[in-house]
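Enquirer: Just the structure for this:
(one chain, ligands or ions: 2)
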Amino acid sequence: MTDGDRFVAALWSDIEDIYAAILAHPFITGLGDGTLPRPAFRHFITQDAHYLREYARVLTLCATKATHDDDVTMFASHSANAVTAEQTLHAWLLTELGTTAEEASAEPVMPTTLAYTNYLLASAYRGSYAEAVGAVLPCYWLYARVGTHLRAVGSPDPLYARWIEAYADPDFQEATNQILTTTTRIAWESTPGTQLLIRTRAHTAARYEYLFWNAAWHQEQWPI
Ligand SMILES: Cc1ncc(CO)c(N)n1
Ligand SMILES: Cc1ncsc1CCO
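Expert: Ligands and ions are numbered 1, 2, ... in the order given. I've put the predicted structure just below:
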């Protein structure tokens, strides 16, 4: 095992309990067995459209802070992909759910969506390049793992199956491998103190990933 592999293993061990909790969550089991209520899925897609708009901007901030040209092109291209995913996959799903992208974007940004996107924006603006990358990593990693898991499970609901395909897709898996390779190199170039900051950012973002599923399951609203 190289030092880089060890760092990725440490990052995963920090978040593997969160990943297990995500797989066991009724939102995810419901995607797989088709029992997820459509209104909860609609809530998720609407909030995810808000999320991805901010996420795409956070990725451009990572591109701005990048120290290597290869990282600039990677983050700029991933940002473009996130915008495209928002515009194509989400637009199609929203139409199938009986609404439109316009109607969805007019719906309020709910508390967990706002908290998570603000955490990412704060990490990217105020944190170092390494911290920004730590914060954006779980978004790729957990969705790549969830997508692969759910593809093996399959879904009897064609809408849920289409969503699963987008994240089990080899292109998304490849994007995840790219950012893992980049994170490994950044960790290699960093002090132990900075490595710890990356792990803390990734751990908090992974917690928000769990909260995001849970908020969709409960169709979270502003209580006041
Ligand atoms: C909340 C969330 N995390 C990660 C992804 C993966 O792109 C997504 N679409 N939404
Ligand atoms: C992380 C991420 N989420 C949707 S697209 C994207 C970039 C991968 O190309």
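Enquirer: Give me the below-cutoff pLDDT ranges for this protein.
Expert: Applying pLDDT under 70 to the chain flags no residue at all.
Enquirer: mind listing what the most centrally placed residue in the chain touches?
Expert: Nearest residue to the geometric centre of the chain (C-alpha atoms, centre = their mean): Cys139, 2.4 Å. Neighbouring residues of Cys139 by C-beta atoms under 8 Å, 6 or more residues apart in numbering: 55, 205, 209. Yep, even glycine has a C-beta here, placed from its N, CA and C like the rest.
Enquirer: Next, count neighbours for the closest residue to Asp169 other than its chain neighbours.
Expert: Computed as C-beta to C-beta, 6 or more residues apart in numbering, the closest residue to Asp169 that is not its neighbour in sequence is Gly147, at 7.4 Å. For Gly147, the neighbour count with other C-beta atoms under 10 Å is 20.
Enquirer: again, but for Ala56
Expert: Residues near Ala56, counting by other C-beta under 10 Å: 18.
Enquirer: Quick check, it in contact with Ser77.
Expert: No. Here Ala56 does not reach Ser77: they are 11.3 Å apart, not a contact under C-beta atoms under 8 Å.
Enquirer: and this protein, which residues reach ligand 1?
Expert: Neighbours of ligand 1 within the chain, by C-beta under 6 Å from any ligand atom: 48, 51-52, 139, 143, 209, 212.
Enquirer: Which single one of the residues you listed is nearest to ligand 2?
Expert: Cys139 (5.3 Å; C-beta to the nearest ligand atom).
Enquirer: Report the secondary structure element holding the closest one.
Expert: If you go by DSSP states H and E, Cys139 is part of helix 129-153.
Enquirer: Does the following helix or strand past that helix reach ligand 2?
Expert: Once helix 129-153 ends, the next helix or strand along the chain (criterion: DSSP H and E) is helix 158-168. No. Helix 158-168 is not in contact with ligand 2 by C-beta under 6 Å from any ligand atom; minimum separation 8.2 Å.
Enquirer: who's in contact with the helix or strand that helix 158-168 is followed by?
Expert: Using DSSP H and E, the next helix or strand after helix 158-168 towards the C-terminus is helix 170-189. With C-beta under 8 Å, 6+ apart as the contact definition, helix 170-189 has outside contacts at 3-5, 7-8, 11, 68, 70-71, 74, 78, 81, 129-130, 133-134, 136-137, 140-141, 143-144, 147-148, 166, 195, 198.
Enquirer: Kindly report the same for stretch 28-35.
Expert: For stretch 28-35, using C-beta under 8 Å, 6+ apart, the contacting residues are 22-23, 36-37, 40-41, 146, 150, 153-157, 160, 163-164, 213.
Enquirer: Now restrict the residues you listed to buried residues only.
Expert: 22-23, 36, 40-41, 146, 150, 155, 157, 160, 163-164, 213 (16 or more other C-beta atoms under 10 Å).
Enquirer: Tell me which two of those sit farthest apart.
Expert: Ile22 and Asp157 (18.9 Å; C-beta to C-beta).
Enquirer: quick one, helices of the protein?
Expert: Ranges of helices within the chain are 3-24, 26-33, 38-65, 69-96, 101-106, 111-126, 129-153, 158-168, 170-189, 192-217, based on DSSP state H.
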